[in-house]
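Visitor: here is a sequence with its predicted model. Questions after.
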Amino acid sequence: MNIYVLLKRTFDTEEKIIVSDGRIEDESAEYIINPYDEYAVEEAIKQRDEHGGEVTVVTVGDEESEKQLRTALAMGADKAVLINTEEDLEDGDQFTTAQILQAYFEDQEADLILGGNVAIDEASGQVGPRLAEGLGMNYVTTITSLEINGDIANIDKDVEGDVEKIETGLPVLATCQQGLNEPRYPSLPGIMKAKKKPLEELEIDDLDLDEDDVEAKTETIEIFLPPEKEAGRVLEGEIDDQVKELISLLKDDAKVL
């Protein structure tokens, strides 16, 4: 089984992010594998171990993304592909990424493509569905269970606190939600093996794409941090007085009533 994982390098939201002049200061930021993509990597490895085949992780980005690809290899993936756009593209969006990935996958024989439900930096959830539409492939988003029997996939899809059970044929693209599995940590032997695993680097020219083909459809005007939370208030006095004060605050200050 040929299994592919869409992987994105994202900011570590557990670390302090500095925004200056409407842009994130890259030099001070820590980067990680998008956490939802870790579920995809783990699920890909589990499916490979059960059904055979190999797992290839694919990312679109600059050469710094190699670190996150190596981490996925250390987790147990077999191969990695970096589509390096650093010299060809200044800016891109979800359309750009999906078009580049579509050009790549048109030359691959994928049985299963997995990705994160959303990326924690932009959280659009567009790349997976856009790619599947472009490839004419079945797709299911926000999956929490995946069982494959022959060329049939039985999937549990999270739908706002409920579960939708879906049966679909392979090939299929699925985006992974929390609860699907528990991603493993790279082991020391895995880290050592990852250094010798193949990591292919491509550019958009290698995919017969021009810059006009992948020109972004959206523009980021500004990036800013949310305002700091104000300190809470403790209401005192009799219960009836507290209720009256709370209602007054919700009406006059918060303006939510």
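Guide: In hand now; what should we look at?
Visitor: what packs against the lowest-mean-pLDDT helix or strand in the chain?
Guide: Within the chain, no helix or strand scores below strand 23-24, which has a mean of 72 by mean pLDDT, DSSP states H and E. The helices and strands touching strand 23-24, judged by 3 or more CB pairs under 8 Å, 6 or more residues apart in numbering; DSSP states H and E, number zero. For the C-beta atoms, the positions are set from N, CA and C on the backbone; glycine is no exception.
Visitor: what lines up beside that strand in the sheet?
Guide: Here strand 23-24 is paired, per DSSP bridges, with strand 19-20 (antiparallel).
Visitor: list the contacts of the strand it pairs with.
Guide: Contacts to strand 19-20, defined as CB atoms under 8 Å, 6 or more residues apart in numbering, come from residues 25, 223-225.
Visitor: what pLDDT, on average, does it get?
Guide: The average pLDDT for strand 19-20 rounds to 76.
Visitor: run the chain-centre distance for that strand.
Guide: Centroid separation for strand 19-20 versus its chain: 24 Å, with CA atoms, centre = their mean, to the nearest Å.
Visitor: and what of stretch 159-168?
Guide: In terms of CA atoms, centre = their mean, the centre of stretch 159-168 is found 20 Å from the chain centre.
Visitor: helix or strand next in line after the least confident helix or strand of the chain, which one?
Guide: strand 31-33 (DSSP states H and E).
Visitor: strands of the stretch 1-150 of the chain, start to end?
Guide: Using DSSP state E, counting those that start in this stretch, the strands of the stretch 1-150 of the chain run over 2-6, 9-11, 19-20, 23-24, 31-33, 54-61, 79-84, 112-116, 138-149.
Visitor: on that earlier part again, off-centre distance for the least confident helix or strand of the chain?
Guide: On the basis of CA atoms, centre = their mean, strand 23-24 sits 20 Å off its chain's mean C-alpha point.
Visitor: start the count at 11 instead of 1 going forward.
Guide: Noted, 11 is the first residue going forward, which turns the last one into strand 33-34.
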